[in-house]
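In: kindly generate the corresponding structure for this input.
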Amino acid sequence: MNIAQNRWGTVSPPQFLSRFNSGSISGLQILLNIILRTLIVGAGIFTVFNLIMAGYAYLSAGGDPKRIADATAKITQSIIGLVIAAGAFVIAGIVGQILFGDANAILQLQFFSPQ
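Out: Numbering: from 1, shown residues only. Okay, here's the model as predicted:
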């Protein structure tokens, strides 16, 4: 048996990956796409959690100016963080459109093999 032959038959990718595969991307590109989507969702969940905790701290401050200032700062920082996370995708789309003529050029990486 040749070492290049597949001993176990045909291995097909899991069904849930078919929604990511448009025919032109596969493998590492799909993995990076999933990681990017997971990071932006994680940033959103983290922001909501921080806003809830900061709102609770604001309500339980009891008129203490120091605690109110801390809660307000946490709310502001959470919103700024979410804007930066979402803005990174917008900036990547704009740069991709300007440099490559495709807004998804940076967000959906394409690797070219030498021929």
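
In: just how off-centre is the lengthiest helix in the chain within its chain?
Out: Assignment by DSSP state H gives helix 65-100 as the longest helix of the chain. Taking CA atoms, centre = their mean, to the nearest Å, the mean C-alpha location of helix 65-100 is offset from the chain mean by 14 Å.

In: same thing with stretch 63-74?
Out: Between the centre of stretch 63-74 and the centre of its host chain there is 31 Å, according to CA atoms, centre = their mean.

In: so what's the residue count around the nearest residue to residue 81 once chain neighbours are set aside?
Out: Using CB to CB, 6 or more residues apart in numbering and skipping residues adjacent in sequence, the residue nearest residue 81 is residue 47, 6.3 Å away. C-betas here are computed from N, CA, C, even on glycine. Residue 47 is flanked by 19 other residues according to other CB atoms under 10 Å.

In: can you check what angle separates the helix or strand containing residue 49 from helix 65-100?
Out: Here residue 49, judged by DSSP states H and E, is contained in helix 28-59. Here helix 28-59 runs at an angle of 160 degrees relative to helix 65-100 (axes from the mean of the first three to the mean of the last three CA atoms, to 10 degrees).

In: who are the packing partners of helix 28-59?
Out: Here helix 28-59 touches helix 65-100, going by 3 or more CB pairs under 8 Å, 6 or more residues apart in numbering; DSSP states H and E.

In: if we can go back for a sec, may I see the buried residues of the helix holding residue 49?
Out: Neighbour-count burial for helix 28-59 flags 29, 33, 36, 43, 47, 50, 54, 57 (criterion: 16 or more other CB atoms under 10 Å).

In: got any ranges where the protein has weak pLDDT?
Out: Applying pLDDT under 70 to the chain flags the ranges 1-14, 16-27, 109-115.

In: ok, 90 please
Out: Low-confidence segments of the chain (pLDDT under 90): 1-41, 43-44, 61-63, 81-82, 84-90, 92-93, 95-97, 99-115.

In: how about the buried residues of helix 28-59 in TSV, adding distance to residue 86?
Out: Listed next are these as TSV, based on distance: CB to CB, whole Å:
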residue	distance to residue 86
29	22
33	17
36	12
43	8
47	10
50	15
54	19
57	24
